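Visitor: Whatever this is, show me its structure:
(2 chains)
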Number of protein chains: 2
Amino acid sequence: MTTQYQRAKAGEISPEMHRTAQREHLPAETVREEIAAGRLVIPANRKHLAGVSDGAARLDPCAIGRAVTTKINANIGASPVRSCMEEELLKLRWAVQYGADAVMDLSTGGDLDATREHLLAGATVPIGTVPIYSMIVEKPIEDLTREDILATLRKQAEQGVDFFTIHAGILRKHIPLAMKRRLGICSRGGSLLAKWMTHHRAENPMYEMFDEISALMREYDVAYSLGDGLRPGCLADASDAAQFGELETLGELVQRARDAGVQVMVEGPGHVPYDQIEMNMKRQEELCDGAPFYVLGPVVTDVFPGYDHITSAIGATAAAFHGASFLCYVTPTEHLALPRPEDVRTGCVAYKIAAHAADVARGLPGARDWDDQMASARAKFDWEKQFQLAFDGQAAREIHQRDRDATSDAPGDYCSMCGRDWCAVRISKQLAEESN
Amino acid sequence: MTTQYQRAKAGEISPEMHRTAQREHLPAETVREEIAAGRLVIPANRKHLAGVSDGAARLDPCAIGRAVTTKINANIGASPVRSCMEEELLKLRWAVQYGADAVMDLSTGGDLDATREHLLAGATVPIGTVPIYSMIVEKPIEDLTREDILATLRKQAEQGVDFFTIHAGILRKHIPLAMKRRLGICSRGGSLLAKWMTHHRAENPMYEMFDEISALMREYDVAYSLGDGLRPGCLADASDAAQFGELETLGELVQRARDAGVQVMVEGPGHVPYDQIEMNMKRQEELCDGAPFYVLGPVVTDVFPGYDHITSAIGATAAAFHGASFLCYVTPTEHLALPRPEDVRTGCVAYKIAAHAADVARGLPGARDWDDQMASARAKFDWEKQFQLAFDGQAAREIHQRDRDATSDAPGDYCSMCGRDWCAVRISKQLAEESN
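Guide: Residues are numbered from 1 along each chain as shown, chains lettered A, B, ... in the order given. Reported below is the predicted structural model:
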């Protein structure tokens, strides 16, 4: 037996279950039970666990599901317009430094195989890909064959990719529904497969070949991330017949993946008005039988390009509170340009906020301890401790210091917002001391 | 009769009701009804409406309440550590440019009277203050007298201030509750009054003098913003006995303000875990009989100093969805330093996101039209239209252009995220054209 799911079902606690249980402060048996129930996934290709090459980083397994802390993913990757191997490696480093639990290489430009190889060799976090991108480099999607699909999947599985986005849920019958939309199909994988289906007047090959694909993924324990090729690309298209039609198919595929012994997550929107997020999470949970939900944002308004890390962190918090387990970040460049390393940092921080705020809100044991420590450091005017506790202590220190350089006061005693005498916390502290 | 509330109760539709009805695309009678019910406030000092001096800007009235769009406030003002009149005027300009519906001058440093005068002369938006700050410049809070209070309030009302934060709800009996907290009292006004009460062993003078204060504010139609001197300063202190004890008093004061004919809003937290926000909004609505709720964030986690515009925009969206009408922004410098003009911009944009996302979510008529126009511009690859529609078109254009300068391609055709051939929207558009 190869996959974590198969082992969990058989009652076995794998080393990866032990390790993730340790990271999450949970009993290993709980992790095993959750995996066996399909509610928890550990994306861990056995090649990546072993180290993809001599001297390469080995995967430190990470668990994704409602029983554990909410995880975030950073999308990186070159595009045909902008590609540079060193920059992608820098993005990987920054992503991990700023809290990404997983990284997807979505490259569509540069040397795709080499980029993926380098990223896997450097990554202790799980790496995901959307293999269809590699299947159609330098050829039109219409020429995609069964052999291309299996060859690319095997190549990437051999390289050590931990989870694959496979858009097997978009079917021919859904395409007319999407054509009625304001913004059609905004998923690259979804649009490519829609084009293939329309051209060949045939069903989605990822759907037709699903069991073959599952068998291949099982060999390496690559986890499914079932792609939502029909995720809404604007508020107006949210929660429509196309989106929910595909979600029904995804629910069917969750069962088929499990039957094949393969771990499975499900991808979700996208662009969703704030009031529809709870309903979306509940519907996914029901249709997909508790498989971990992996959402992209969602952004809650369309009119703030340049700030979609914020529009989407709002949606992501609501999503994680109401049911999502895995949040794919959105950066300030979304809808505008390929993210650069500084955008990766910004996106990751925004999503760590969403993930942690949701973990506190859903009452995950111990989640608020970190906040309570910060509150105590604030009460004591212990600025060094505040910077240590801050998620991005460097940014906090820079802001705090910028007005302080001009003064000769001792550090650690106040900030420029109120100055020393006007500080409420200081006055309150004096009162508390007097009242004792 | 002077105040909008008195006139609305008497069945009169004032010019300010007409103007705000026009701005909100509502019947003027609806605005009047909402004001008469105490659910809508138009902070509009008659001095500011007339222009506070020759050549000064006149107030363009703005309505705050659940029947209209969610409004945002930007706090500006100098501190003892950092003060510069020109910088405060620049902050005012940027605040208004980036969407602030109201601005509060919270100066505690520099020439307070002169700063306020200049800001009022330049502001078409309502200006609020926390008058206690001016009452104790160069003297200890313990020396505050009845005469100081009335003189300062009259001075600022004469200057044209449109709404006053008055911390009349924090009572002696609440102080021991606050002393049990992890972070005590984090409101400047609240901590100062607690100190006064403790020193004099007497009740809060703002509470004791409430009817006198109301009479003075009525003369000019200055609106109350009843301060929450006991708002929680960290997640651990949220929704505690101190906060809710004060909220009960605020509910009593809402009725007393209305009985005196004065418009009234109520201030709220602060720091609140995401799951407690809905409950907080409902409790305020009930205890304060539908008076507009004016919240500061709330931030939903304490451990991201440097990013509290994001931690709090998440809370603000939830607050505005569940009941708040007026969102006081938080900038990236919160807990660290006084905001600078660029922080004012960042804070305003984050809060316009929260306000608009909530307006879409609560189904305010027409709120989503803007988003739908953006989606259509995206579907057409009309980049110029996208930049026009974007809330911060300059930021969006800069990001979009940064990878384009290196290429010789015609503008307006794609972005560097996917490049031309990999664009899902382009593929989807071709499919739609072929299917017609």
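
Visitor: which residues touch A:F293?
Guide: Counting by C-beta atoms under 8 Å, 6 or more residues apart in numbering or on different chains, A:F293 touches A:265-266, A:268, A:281, A:284-285, A:319, A:323-326. The C-beta positions use only the backbone N, C-alpha and C, and glycine is treated the same way.

Visitor: the strands in the stretch 301-436 of chain A, which residues?
Guide: Using DSSP state E, counting those that start in this stretch, the strands of the stretch 301-436 of chain A run over residues A:326-328.

Visitor: Give the residue spans of it that score low on pLDDT.
Guide: A:405-413, A:436 (pLDDT under 70).

Visitor: All the helices of it, residue numbers only.
Guide: A:308-322, A:341-361, A:369-379, A:383-389, A:393-402, A:424-435 (DSSP state H, counting those that start in this stretch).

Visitor: Going by neighbour count, list what's buried in the first one.
Guide: Yep, that's helix A:308-322 we're talking about. Within helix A:308-322, the residues that count as buried by 16 or more other C-beta atoms under 10 Å in any protein chain shown are A:308-322.

Visitor: what's it packed up against?
Guide: Packing partners of helix A:308-322 (3 or more C-beta pairs under 8 Å, 6 or more residues apart in numbering or on different chains; DSSP states H and E): helix A:277-287, strand A:293-296, strand A:326-328, helix A:341-361, helix B:308-322, helix B:341-361.

Visitor: and with 10 Å instead?
Guide: When contacts are defined as 3 or more C-beta pairs under 10 Å, 6 or more residues apart in numbering or on different chains; DSSP states H and E, helix A:308-322 packs onto strand A:71-76, helix A:277-287, strand A:293-296, strand A:326-328, helix A:341-361, helix B:308-322, helix B:341-361.

Visitor: could you give the angle of it to helix A:277-287?
Guide: Going by axes from the mean of the first three to the mean of the last three C-alpha atoms, to 10 degrees, helix A:308-322 is angled at 50 degrees with respect to helix A:277-287.

Visitor: how distant is helix A:308-322 from the center of its chain?
Guide: 12 Å (C-alpha atoms, centre = their mean, to the nearest Å).

Visitor: Next, the angle helix B:393-402 makes with that helix.
Guide: Put simply, helix A:308-322 runs at 100 degrees to helix B:393-402, going by the same axes, to 10 degrees.

Visitor: What angle do helix B:341-361 and helix A:308-322 make with each other?
Guide: Using the same axes, to 10 degrees: helix A:308-322 against helix B:341-361 is 50 degrees.

Visitor: now the fifth one
Guide: Between helix A:393-402 and helix B:341-361, the angle formed by their directions is 130 degrees, by the same axes, to 10 degrees.

Visitor: Kindly provide the whole-number mean pLDDT of stretch A:184-204.
Guide: The average of the pLDDT scores along stretch A:184-204 is 96.

Visitor: Same question for stretch A:31-38.
Guide: In this model, stretch A:31-38 has a mean pLDDT of 98.

Visitor: quick check, nearest of the contacts of A:F293 to A:I76?
Guide: When the contacts of A:F293 are compared for distance to A:I76 (C-beta to C-beta), A:F326 comes out closest, at 16.4 Å.

Visitor: wait, isn't that closest one in contact with A:E267?
Guide: Yes. A:F326 lies in contact with A:E267 (C-beta atoms under 10 Å); the separation is 9.0 Å.

Visitor: hey, what's in contact with both of the two?
Guide: Counting by C-beta atoms under 10 Å, 6 or more residues apart in numbering or on different chains, the residues touching both A:F326 and A:E267 are A:225, A:293-295.

Visitor: Now pLDDT and distance to B:P273 too, for those, in TSV please.
Guide: Below are the shared contacts of A:F326 and A:E267 laid out as TSV (pLDDT from 0 to 100; distance: C-beta to C-beta, whole Å):
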residue	pLDDT	distance to B:P273
A:S225	98	30
A:F293	98	22
A:Y294	98	24
A:V295	98	21
